[in-house]
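Colleague: here are the coordinates; sequence isn't available:
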């Protein structure tokens, strides 16, 4: 995959991930052109688009367009499913996701994307595993925050963490 | 301690899942009240773009102050970073924050670090200079005991990492491949995949570890390793054939639902994994019957299992069909795949329809009947409201174009062309139309008109090859002179008409084409006089909208016409006008015209009519100046010295700087590691690498799948079609096709056929004109060689078969009795035992048969071995290098009589050669080959031996044109008959067109036995770069000069194996295995030289330092040093 863009029906960019090195100017140009082209297409039309030497695969979920650029020899249908799986992941993580979730927590959406796709290739296809990775990181962070622990906690503080964990879960 | 962390981590998600809503989502919803929230709401409240800009600029300046203030804590910094990312996403520049993102990743705690890394990955790109500052942080985090930190570091490495810093993290990441957590192993594999993409040389040594990853008990890790394998197999499929069995086994297990349910996607087992495996199998099975046979079963099962009516099953089906059609064909599977394509094409869902069309374009070459089956759907798609569908349909039609349907198809393409505005589409389509027109044009008028449309629409954006080819076609003509003249005359007339139209602007390129044609061929006109043509050209010249380049073309045309004109008023006016032009080029043209105009005789001899293709004889030695020179010399003038001589003298006089290459510079170069050759070679214009230029030219028009049946030989006009194969396929009459269509319709729906509307009839008529020519020839030719239609315009062959190279002395060879000993099969069960020591039950469940591990030793073809088996006739520096290898003669061979072969080998001992290897064979015939490394080329000798008791007839060996090779047939290759028990040889000399590591040369041989049908066998052999490397024998001085003149260089330190850790033995290895010529040895440094045939030199300087060898390559070719370095590494580390 070359890049992934999320934008709203009004053409506002919500997320962008580039897997090929491009200059900022090019990125902006591509984004502008693509958003225009995709928004101009009618709902009954094909989800694939030939654009320059790339294939664009896009899908609309509510007010949000998900748009991936792949190479010609890649499989368009499975790319659609990549989009769908990403939406499922977002949905599971946020709990029935909406555009606002992604706007206000876009960094989380990026974290999920990074666990799912890495360097433009599908990294992990098991939904459970992706979310597990995110939640692990989330939880660990939270405990560090709660305890005010800096990095490399000593065994003492760790056992402390575990204790809190246990007490939380038994509630 | 890390154990405790791990336990905590593994415990967390389980606990978490039991208490939904306690952690993630709640936390995720929390920061609504943050400052980011404020910013976002602020923006949404605004109405105009202008206000937004003001707000964000304000925000950015606040942020700028905040991030650089010393009081800002890391926590605040994290908050700032998120807002910066947001601003940048909206399209505003936030580059001032980049350095702070790196700092945050370095200093923050987990949460901050995570945001820091994210910001870095979004802000920076691979070659950004700031990225170097991140390397230290990454190294530190990779060594951390905290799993989350390691994960973050691996994630960032897999996304962006500076190429030159790979060695700093490589060992750490390699270690992670053995990590106990699968997520770490998986990410490590992906990081290595990334490295493989950007610097394949640096991860070459860990291929064995990739195999371990492939056998990993965790599915995720295994799936990740497939990315690497896909890539490696794409580059060199022959090296991984032995893994086919393992991939097939994995796919079987996946398809059979043996994976954990986690990996199901909408109850389809691991679709991503399936697709990746199918892709790999496709690459492995291409043109390889034996490998393909291994996968027939599993492909069949995949086709069968994919029944569910869900997108993802279609995705798998599509990939499966593509694979079935790409590998060695099996009719049963093809039938099933064709049925699947039908499912796509006939689907009401537009996405599936699109893919159906795409699949058809893939397979149409092999099976044109498929297009006939779906012709009505194709016609409907041609008028589809969605332009994407339309375009894909045109792509499909483009591939089935032939001499009969060309006019309709090109008309459709032109219609689409007139509607599209996007430059990329125009360039692409125009190229295709021009190509089709050139190939199949039915008559002159049509051809010229189509090309006119191409030039006026394609204009200045189209590929410059198109007008060039067109003009060459006109100029060189075909076999039939009168037809040529008619074509030219028609072109001239049509251009004159076009120029008469008022207020129309043609693209510059088109005008240039016109002016050339008018200049050359106006003499063919009857009515118009040259004066009239000149007047028209003059009118154009006075037009302001025409570029000065085009004006130069126009003046050139006028110049050509002037000698034919009787009155020259306009020419004189033109001369007046342009001798004072501000454009120097135009002025020069005008002056030339002026002087020629004054000397009519000279002008006529200089500009003869219709001689554009003939070379003019020019006195290049300027002998007419001799008397003048002699006079000057006698008066004491200095003799003329050429430029280079003058420069040399100047240098030798100055003696200020020492330009001798060696001694000084190297001691300081030390062990700097590998320097990127790319940066240096980019800027170097010195190295005129013709291969690369050629590549650029061909890359723009890639006509995948179109058969290049016609080379540069001749043109066969239609009347001569009795000589071609066309007569074999009787032309189909229109009625019969309409009937055909009717039948298909009635089959589908009988009632519909009765009430056919007029519109439908029109469509059918269109169908019959589109698909004409497909039916009669539609005997399914699996090998895809069915295209026998003669082309309208075929260029006349101007180049005589250049037979280069000396004749080999291997002509009178008669028999071969060799069977090669190289195909030793490794059957050790040793690895099997190793793998199955029963520790791991998971492994049992998902074991990837031990053959995978057992094949380690086979993964790379034993190239070096092969080379060392050659005979080396040249006297050597080192006494122990004199060993001569005699190819072992097998006694088990089925053929007798070795004596004659021995004589053959003796005759070829002038050159080194390889062992004889059998490449393919049947019971009756066997084909073996060996290569002779001649000084000027690689000579491939193919021995065809008839093992049967009867004659073989019509033996014909053909080598497919390969991308990287230039192949020349040697004389004496035509073998109509091979008598019983006899052997004949074919010889081809092969040259490499551009450097590469390994390439495949494939071809086929066909023959006919008495009273039986013809047999065709395909084969392929692997050629390595080393086959084309020859020693370059030069002196040290010449080496020094060459060294300075080359701009492409590559440096690398290589560790030597213990046996070679000394200068003499290293030298010996390089000389023997890579065929380098030792130029000189100075202390611990050595100079070596070689050339890539035909004549690309490459120089090597090396220094021994303990057991490390510092290699420094230089060459005129930008890629050669890299490839040679790889070979060097292989021999130095490998043996």
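Modeller: That came in fine, so what should we check first? Everything quoted here is computed from the prediction, not taken from an experiment.
Colleague: So whichever residue of chain B sits closest to chain A: helix, strand or coil?
Modeller: In chain B, the residue that lies nearest chain A is residue B:315 (3.5 Å; CB to the nearest CB). For every residue, glycine as well, the C-beta is placed using N, CA and C. The three-state label given to residue B:315 by DSSP: H, G, I helix; E, B strand; the rest coil is helix.
Colleague: What are the neighbouring residues in contact with the closest residue to it other than its chain neighbours?
Modeller: Closest residue to residue B:315 apart from its sequence neighbours, by CB to CB, 6 or more residues apart in numbering or on different chains: residue A:77 at 3.5 Å. Contact analysis of residue A:77 by CB atoms under 8 Å, 6 or more residues apart in numbering or on different chains lists B:311, B:312, B:314, B:315, B:318, B:351, B:355.
Colleague: likewise residue B:484?
Modeller: With CB under 8 Å, 6+ apart, residue B:484 has these contacts: B:477, B:478.
Colleague: Take the contacts of residue A:77 and lay them out in JSON lines including distance to residue B:171, neighbour count and secondary structure.
Modeller: Formatted as JSON lines, the contacts of residue A:77 follow (distance: CB to CB, whole Å; neighbours: other CB atoms under 10 Å in any protein chain shown; DSSP: H, G, I helix; E, B strand; the rest coil):
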{"residue": "B:311", "distance to residue B:171": "43", "neighbour count": "20", "secondary structure": "helix"}
{"residue": "B:312", "distance to residue B:171": "40", "neighbour count": "23", "secondary structure": "helix"}
{"residue": "B:314", "distance to residue B:171": "44", "neighbour count": "26", "secondary structure": "helix"}
{"residue": "B:315", "distance to residue B:171": "39", "neighbour count": "24", "secondary structure": "helix"}
{"residue": "B:318", "distance to residue B:171": "41", "neighbour count": "26", "secondary structure": "helix"}
{"residue": "B:351", "distance to residue B:171": "46", "neighbour count": "20", "secondary structure": "helix"}
{"residue": "B:355", "distance to residue B:171": "44", "neighbour count": "26", "secondary structure": "helix"}
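Colleague: Can I take it that residue B:1114 is in a strand?
Modeller: Yes: with three-state DSSP as the criterion, residue B:1114 is part of a strand.
Colleague: My understanding was that it contacts residue B:1124; is that so?
Modeller: No: using CB atoms under 8 Å, residue B:1114 is not in contact with residue B:1124; the gap is 10.5 Å.
Colleague: can you tell me how far the residue of chain B closest to chain A sits from residue B:577?
Modeller: 66 Å (CB to CB, to the nearest Å).
Colleague: Look up which helix or strand whichever residue of chain A sits closest to chain B falls in, please.
Modeller: For chain A and chain B, the shortest gap (CB to the nearest CB) falls at residue A:77, measuring 3.5 Å. Assigned by DSSP states H and E, residue A:77 belongs to helix A:76-94.
Colleague: Residue B:967 now?
Modeller: strand B:965-969.
Colleague: Am I right that residue B:544 sits in a helix?
Modeller: No: counting by three-state DSSP, residue B:544 is not part of a helix but coil.
Colleague: Dihedrals phi and psi, it?
Modeller: Backbone torsions of residue B:544, given as degrees, to the nearest 10, read phi -70, psi -20.
Colleague: What count of nearby residues applies to it?
Modeller: 4 (other CB atoms under 10 Å in any protein chain shown).
Colleague: any idea how far it lies from residue B:607?
Modeller: For residue B:544 relative to residue B:607 (CB to CB), the value is 29 Å.
Colleague: repeat for residue B:1033
Modeller: In terms of CB to CB, residue B:1033 sits 49 Å off from residue B:607.
Colleague: So the two - more neighbours on which side?
Modeller: Each of residue B:1033 and residue B:607 has its neighbours counted (other CB under 10 Å); residue B:607 has more, 17 against 12.
Colleague: Just to check, that one is in contact with residue B:560?
Modeller: Yes: here residue B:607 lies in contact with residue B:560, judged by CB under 8 Å, at a distance of 5.3 Å.
Colleague: before we move on, the earlier item: may I see the contacts of residue A:77 organised as JSON lines, with pLDDT added?
Modeller: Below are the contacts of residue A:77 laid out as JSON lines (pLDDT from 0 to 100):
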{"residue": "B:311", "pLDDT": "85"}
{"residue": "B:312", "pLDDT": "88"}
{"residue": "B:314", "pLDDT": "90"}
{"residue": "B:315", "pLDDT": "91"}
{"residue": "B:318", "pLDDT": "91"}
{"residue": "B:351", "pLDDT": "90"}
{"residue": "B:355", "pLDDT": "89"}
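Colleague: Just confirm residue B:445 is within a helix.
Modeller: Yes: secondary structure of residue B:445 (three-state DSSP): part of a helix.
Colleague: now the helix or strand that residue B:763 is a member of, how far from the centre of its chain.
Modeller: Here residue B:763 sits within helix B:758-770, counting by DSSP H and E. Centroid separation for helix B:758-770 versus its chain: 40 Å, with CA atoms, centre = their mean, to the nearest Å.
Colleague: Run a quick neighbour tally on the closest residue to residue A:17 other than its chain neighbours.
Modeller: Distance criterion CB to CB, 6+ apart; nearest residue to residue A:17, sequence neighbours excluded, is residue A:4 at 4.7 Å. The tally of other residues near residue A:4 (other CB under 10 Å) stands at 23.
Colleague: can I assume residue A:4 sits in a helix?
Modeller: No: counting by three-state DSSP, residue A:4 is not part of a helix but strand.
Colleague: Run through the bridge partners of it.
Modeller: residue A:17, residue A:68 (DSSP bridges).
Colleague: Residue B:378 and residue B:440: what is the separation?
Modeller: Going from residue B:378 to residue B:440 by CB to CB gives 19 Å.
Colleague: no wait, residue B:386
Modeller: Using CB to CB, residue B:386 is found at 29 Å from residue B:440.
Colleague: Counting neighbours, go ahead and name the busier of those two.
Modeller: Between residue B:386 and residue B:440, residue B:440 has the larger neighbour count (other CB under 10 Å), namely 22 against 19.
Colleague: Can you give me the pLDDT of the nearest residue to that one once chain neighbours are set aside?
Modeller: Leaving out its chain neighbours, the residue that sits closest to residue B:440 by CB to CB, 6+ apart is residue B:406, at 4.2 Å. Note for residue B:406: predicted pLDDT of 86.
Colleague: Give me the neighbour count for the nearest residue to residue B:592 once chain neighbours are set aside.
Modeller: Excluding its sequence neighbours, the residue lying closest to residue B:592 (CB to CB, 6+ apart) is residue B:559, at 7.0 Å. If you count neighbours by other CB under 10 Å, residue B:559 ends up with 21.
Colleague: same thing with residue B:630?
Modeller: Neighbour tally, residue B:630, other CB under 10 Å: 10.
Colleague: what comes up buried for the helix or strand hosting it?
Modeller: Using DSSP H and E, residue B:630 sits in helix B:626-634. Buried positions in helix B:626-634, judged by neighbour count with 16 or more other CB atoms under 10 Å in any protein chain shown: none.
Colleague: low-confidence ranges in the chain?
Modeller: Reading this off chain A. Scanning chain A for pLDDT under 70 picks out the ranges A:140-171.
Colleague: not quite, I wanted chain B
Modeller: In chain B, residues with pLDDT under 70: B:1-34, B:308, B:611-617, B:651, B:653-758, B:773-911, B:969-977, B:1010-1012, B:1057-1061, B:1134-1135.
Colleague: Which element, helix or strand, includes residue B:344?
Modeller: helix B:331-346.
Colleague: so, in contact with chain A or not, that helix?
Modeller: No: using CB under 8 Å from any CB of the partner chain, helix B:331-346 stays clear of chain A, with a minimum separation of 9.9 Å.
Colleague: for that helix, packing partners?
Modeller: Contacts defined by 3 or more CB pairs under 8 Å, 6 or more residues apart in numbering or on different chains; DSSP states H and E place helix B:331-346 against helix B:289-305, helix B:311-326, helix B:350-363, helix B:369-373.
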